[in-house]
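Undergrad: Okay, sequence plus prediction incoming.
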Amino acid sequence: MRSARSATAVALTVPLMFSGVVAAVPATANPVQASAPAAVSAAPSARPVPQAKAQARWRNVWYGKRNAKTISSPNFTARSKTLQITARCWNGGDGTYAVGVIYQKALPGWSPRRKYMGLCLGKWMRFRITNARVGKKHYASVRLGGLKHTTEVFVQSYH
């Protein structure tokens, strides 16, 4: 049930005219405060819409696949602090394991940043570092302990 006050406010509207535009104004409103409806601008805003930054993702730096005991990437410059080796190998039942190492160029030579080990079971292994020096030379190596087998390696950077 509607109150009597709101019923009269809805029923009593007075047409108000400003420069040819008719606006319905409640009878209880002050005609001095009433104004014409604002004109809608069709022009685009002067400020450009900010574009979102590209989302960070894993980007391949190098890919290699061969049947060997050791597989190494060429030298590359790190573009982010997070690097990883994604590798898989198949052991054929002889218990072969993989050792993944990411090296960084140092003054006297190459220094290993991190060394990881995993069994060659045909599943993807990830060897990751989060303290790489941006702008410095790096390279990655995967060495198999045991016999040589098929090894597939990605070197990736997160940026």
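TA: Arrived safely, thanks for sending.
Undergrad: Run through this structure and note the low-pLDDT ranges.
TA: Under the criterion pLDDT under 70, the flagged ranges of the chain are 1-45, 49.
Undergrad: so where do the helices sit in it?
TA: Assigned by DSSP state H, the chain shows helices spanning 4-11.
Undergrad: how about the strands in it?
TA: For the chain, the strands defined by DSSP state E cover 13-18, 21-26, 58-68, 70-72, 76-77, 83-89, 97-105, 110-119, 125-129, 137-145, 149-158.
Undergrad: Next, format those as TSV and append mean neighbour count.
TA: For every residue, glycine as well, the C-beta is placed using N, CA and C. Below are those laid out as TSV (neighbours: other C-beta atoms under 10 Å):
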stretch	mean neighbour count
strand 13-18	12
strand 21-26	12
strand 58-68	14
strand 70-72	17
strand 76-77	14
strand 83-89	23
strand 97-105	20
strand 110-119	15
strand 125-129	19
strand 137-145	20
strand 149-158	20
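Undergrad: Just send those strands back as JSON lines, with distance to Pro50 too.
TA: Shown next, in JSON lines, are these (distance: least, C-beta to C-beta, whole Å):
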{"stretch": "strand 13-18", "distance to Pro50": "38"}
{"stretch": "strand 21-26", "distance to Pro50": "36"}
{"stretch": "strand 58-68", "distance to Pro50": "24"}
{"stretch": "strand 70-72", "distance to Pro50": "43"}
{"stretch": "strand 76-77", "distance to Pro50": "30"}
{"stretch": "strand 83-89", "distance to Pro50": "30"}
{"stretch": "strand 97-105", "distance to Pro50": "36"}
{"stretch": "strand 110-119", "distance to Pro50": "37"}
{"stretch": "strand 125-129", "distance to Pro50": "32"}
{"stretch": "strand 137-145", "distance to Pro50": "34"}
{"stretch": "strand 149-158", "distance to Pro50": "24"}
